[in-house]
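Novice: Got a sequence here, can you build the structure:
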Amino acid sequence: MIKLESLKKNNHFRQTLKEKKIHTDFFSIFAAKDFLPKKNNKILFISFVMKKKIGNAVKRNKIRRKLRAIVHKLLKIKGAINTNYTYIVFGKSKAYEKNHKILYSEMQKSFKRF
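Specialist: Coordinates of the predicted model:
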């Protein structure tokens, strides 16, 4: 099982935001080749970020949970997510209303493009 590890430092976020990016109606994904040292290959550096303008904390956390659950499902499929990258996922307010299947297919397409 691959463990999800969040980015902690400001310069890690800045470095990741400068690299590749994909935007959809429901989320934006930023990716950069791994620049953080890994002790083993069982760690994926990924952060889920929400703007405060989207809504109250309940709405933001629900979107974050939806996106994190989809990433967990995609990690079970071999080759769906490249673990040699560091990712930042920005959730958008449209993701709150959409169901899991639509978000899953969109995220799967987005990660294939990397």
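Novice: Regarding Q15, what is its secondary structure?
Specialist: Of the three states, Q15 takes helix under DSSP: H, G, I helix; E, B strand; the rest coil.
Novice: For it, report the pLDDT, please.
Specialist: pLDDT recorded at Q15 is 92.
Novice: Okay, it and S28: tell me how far apart.
Specialist: Relative to S28, Q15 is positioned 17 Å away (C-beta to C-beta, to the nearest Å). All C-beta atoms are positioned from the backbone trio N, CA, C, and that covers glycine.
Novice: repeat for L74
Specialist: 17 Å.
Novice: Also T83?
Specialist: Counting by C-beta to C-beta - T83 and S28 are separated by 20 Å.
Novice: what's the answer for V89, then?
Specialist: The value you get for V89 to S28, if C-beta to C-beta is used, is 7 Å.
Novice: Those two: which has the busier surroundings?
Specialist: V89 (22 against 16; other C-beta atoms under 10 Å).
Novice: tell me the contacts of Y85?
Specialist: 31-34, 114 (C-beta atoms under 8 Å, 6 or more residues apart in numbering).
Novice: Now for M50: which residues touch it?
Specialist: M50 touches 60, 63-64, 90-91, counting by C-beta under 8 Å, 6+ apart.
Novice: Which among those count as buried?
Specialist: 60, 63-64, 90-91 (16 or more other C-beta atoms under 10 Å).
Novice: ok, back up a step: highest neighbour count among the contacts of Y85?
Specialist: A31 (22 neighbours).
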